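In: Show me how the following folds:
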Amino acid sequence: MQATFRIEGLGKSFGPYRVLDGVSLDLFPGQVTVLMGANGAGKSTLVKVMSGVHQPSAGTMTLAGQRFAPSTPAEAIRAGVVTVHQNINDGVVGALDVATNLTLDRLSGKGARLFVSPRRMRREAAEVAARLDLDLDLRADIGSLSLADRQMVGIARAMSHEPKVMILDEPTSSLSSAEADRLFATIERLRAQGVAILYISHRMSDIRRIADRIMSLRDGRITGTFEDKPLDYEGAVNAMLGRSVAVDAVTARDGGEPIFEAAGMRLKAQSLPFSLSLGSGEVVAITGLVGVGKTQLAETLFGVRRPLAGSMRLDGRGYAPRNTAEAIEAGVFLVAKDRAESGIVGDFNLYRNVSLPFLRRLSRLGVTRNRAEREAARAQIDNLSIVCRGERDMMQTLSGGNQQKVMVARWMAQPSRLFILDEPFQGVDIAARRDIAAKLRASAAGRATLLFLTEIDEALETADRILVMSEHTIVGEHRNERLDMDRLLAEVAGGAMKGAA
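Out: This is a model prediction of the structure:
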């Protein structure tokens, strides 16, 4: 079979640093090639070269047998190479509404009309949305949408181009299972139409579902190709990491004295009230589908929003933060879900991103102590194995997974009483995920740790207790020891509303 897209000896350097080193791969029509790589392996750089964001330092690319060397993303799209980037904001424009985002490429591309009919634009946008069963108000501003809905708009926009090659970089990271099902159905249609698909993911559930072949990338080189059936998933992971990764079973620990308690909590008017108690030294995961209230609860605990009803106590005293500053002062920290909007500051260096919420603590007479900042950052670089040249690196130079590690490092750099992490493993490779989980458990003494996770496997690898959330209330509780998986999965699916804690 002739490859639709061929890369031969591709190299990319930034100054003296070589990110891609002789990458060669073929993408075939009607096949899904999954690319696996650890954080910092070069995946994002490879995607940006393929999509015209970066120019290669060496090697060649061909599309349908013709030389392919796009100088801009628009040129790549016109040629038929379309990308859904990992950063959601790369695929949508927050200042515009849904309809304009869905038709943006038609409005700005070659042959675009000078005058645009709003009615025609909304009709074309509705056609684009229908291809992905996207049920959204086309007049709504993108900025008002949830993270998952923005992701779906970006995917729908990309799918509208009738591509020859489709590149999907961690596309399901913010999607519910129903939304992911719609995406997979669309991928099946593209595959049936002969589109060559490059799918980048760490999620084994995604990979097992759609992969025709797997390629592993490590240190800027392809280290393994797996296409014999059945696919060797473990071999692909080992090739990605250069070593085997053992899964250490969690030994569930009992919490000490209660650090955080909530009673009669209600997040929405129609939801059932629930209670919550988190003990010292324990790691608790709250799992559930996207949209069941996990992020709302995290933001309530962190002072971003107020509960509709109920009371909270921290270390035995009433706790009702009016804002995030009061929460931080009380020792309640949050690693937010969306690092691009509420996490990293791309124009700052690594050490300033780590110290940002604590500049007052690291200042003397109003002057920030840079040495203290750098020392705190260096300690966390070692603690979380952040891949970088040093603490002075600018954040935008780091891979997405290492940016996520910096966000975790930020809040681990200072002691807390309640440490909340909302989807902390998003965009993080398998080895890094288990490393972060181990660090969270090893440092858990003296605080309560609460993780909000959609992936049940992540909860099983990290938590002492697993709580299930459905319809904005807690519907189940499980000690992570010989737990009843059938019951847990039924609760996640929303079939166990009785017995809410």
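In: quick check: domain ranges of the protein?
Out: Structurally, the chain divides into domains by automatic domain parsing as follows: 5-241, 255-331+416-501, 346-414.
In: In TSV: those, plus distance to residue 337 and mean neighbour count.
Out: Yep, even glycine has a C-beta here, placed from its N, CA and C like the rest. Shown next, in TSV, are those (distance: least, Cβ to Cβ, whole Å; neighbours: other Cβ atoms under 10 Å):
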stretch	distance to residue 337	mean neighbour count
domain 5-241	7	18
domain 255-331+416-501	4	19
domain 346-414	10	18
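In: and those, which one is worst for confidence?
Out: Mean pLDDT is lowest for domain 346-414 among the domains of the chain, at a mean of 79.
In: so how far is that domain from its chain's centroid?
Out: With Cα atoms, centre = their mean, to the nearest Å as the basis, domain 346-414 stands 20 Å off its chain's centre.
In: what does stretch 150-162 give?
Out: On Cα atoms, centre = their mean, the centre of stretch 150-162 falls 18 Å from that of its chain.
In: tell me the contacts of the closest residue in space to residue 322 that isn't next to it in sequence?
Out: Closest residue to residue 322 apart from its sequence neighbours, by Cβ to Cβ, 6 or more residues apart in numbering: residue 303 at 6.4 Å. Counting by Cβ atoms under 8 Å, 6 or more residues apart in numbering, residue 303 touches 321, 322, 323, 324, 325, 326, 327, 332.
In: now do 10 Å
Out: Taking Cβ atoms under 10 Å, 6 or more residues apart in numbering, we find residue 303 in contact with 319-330, 332, 334.
In: Please tabulate these in TSV, including the columns distance to residue 145.
Out: Supplementary listing: the contacts of residue 303 in TSV, determined by distance: Cβ to Cβ, whole Å:
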residue	distance to residue 145
319	31
320	29
321	26
322	27
323	24
324	22
325	27
326	28
327	25
328	28
329	32
330	31
332	27
334	21
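In: Sort out which one of these lies nearest residue 253 for me.
Out: Among these, residue 332 lies closest to residue 253 (Cβ to Cβ), at 21.3 Å.
In: how much space is there between that closest one and residue 295?
Out: 16 Å (Cβ to Cβ, to the nearest Å).
In: and residue 272, helix, strand or coil?
Out: Secondary structure state of residue 272, per DSSP: H, G, I helix; E, B strand; the rest coil, is coil.
In: Would you check that residue 21 makes contact with residue 223?
Out: No. Look at residue 21 against residue 223 with Cβ atoms under 10 Å: they stay out of range, at 11.1 Å.
In: any residues in contact with both of the two?
Out: Shared contacts of residue 21 and residue 223, defined by Cβ under 10 Å, 6+ apart, are absent.
In: Residue 230 should be in a helix, yeah?
Out: No. Going by three-state DSSP, the assignment for residue 230 is coil, not a helix.
In: separation between it and residue 215?
Out: Residue 230 sits 17 Å away from residue 215, going by Cβ to Cβ.
In: quick one: the helices in the stretch 51-200 of the chain?
Out: Along the stretch 51-200 of the chain, the stretches classed as helices by DSSP state H, counting those that start in this stretch are 73-79, 98-102, 104-108, 118-131, 147-159, 177-192.
In: Any idea how far apart the tips of stretch 239-259 sit?
Out: End-to-end span of stretch 239-259 (Cα to Cα, to the nearest Å): 43 Å.
In: Please read the previous query as pertaining to stretch 67-77.
Out: Start-to-end, stretch 67-77 (Cα to Cα) is 15 Å.
In: And the contacts of it?
Out: For stretch 67-77, contacts defined as Cβ under 10 Å, 6+ apart pick out 5-7, 48-53, 55-56, 60-63, 78-83, 85, 90, 105, 108-110, 158, 161, 163, 165, 167.
In: From the chain's centroid, how far away is that stretch?
Out: Centroid separation between stretch 67-77 and its chain, computed with Cα atoms, centre = their mean, is 27 Å.
In: Including distance to residue 459, could the helices of the stretch 51-200 of the chain go into CSV?
Out: Formatted as CSV, the helices of the stretch 51-200 of the chain follow (distance: least, Cβ to Cβ, whole Å):
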stretch, distance to residue 459
helix 73-79, 37
helix 98-102, 33
helix 104-108, 38
helix 118-131, 33
helix 147-159, 19
helix 177-192, 15
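In: Residue 419: which of the ones you listed is closest?
Out: With Cβ to Cβ as the criterion, residue 419 lies closest to helix 147-159 of these, at 21.7 Å.
In: Okay, angle between the closest one and helix 118-131 too, please.
Out: Angular relation of helix 147-159 and helix 118-131 on a 0 to 180 degree scale: 100 degrees, by axes from the mean of the first three to the mean of the last three Cα atoms, to 10 degrees.
In: Give me the distance between helix 147-159 and the centre of its chain.
Out: Its chain's C-alpha centre and that of helix 147-159 lie 14 Å apart, by Cα atoms, centre = their mean.
In: Would you map the helices across the stretch 251-400 of the chain?
Out: Listed in chain order, the helices of the stretch 251-400 of the chain (DSSP H, counting those that start in this stretch) span 294-301, 324-330, 339-342, 350-355, 370-384, 400-412.
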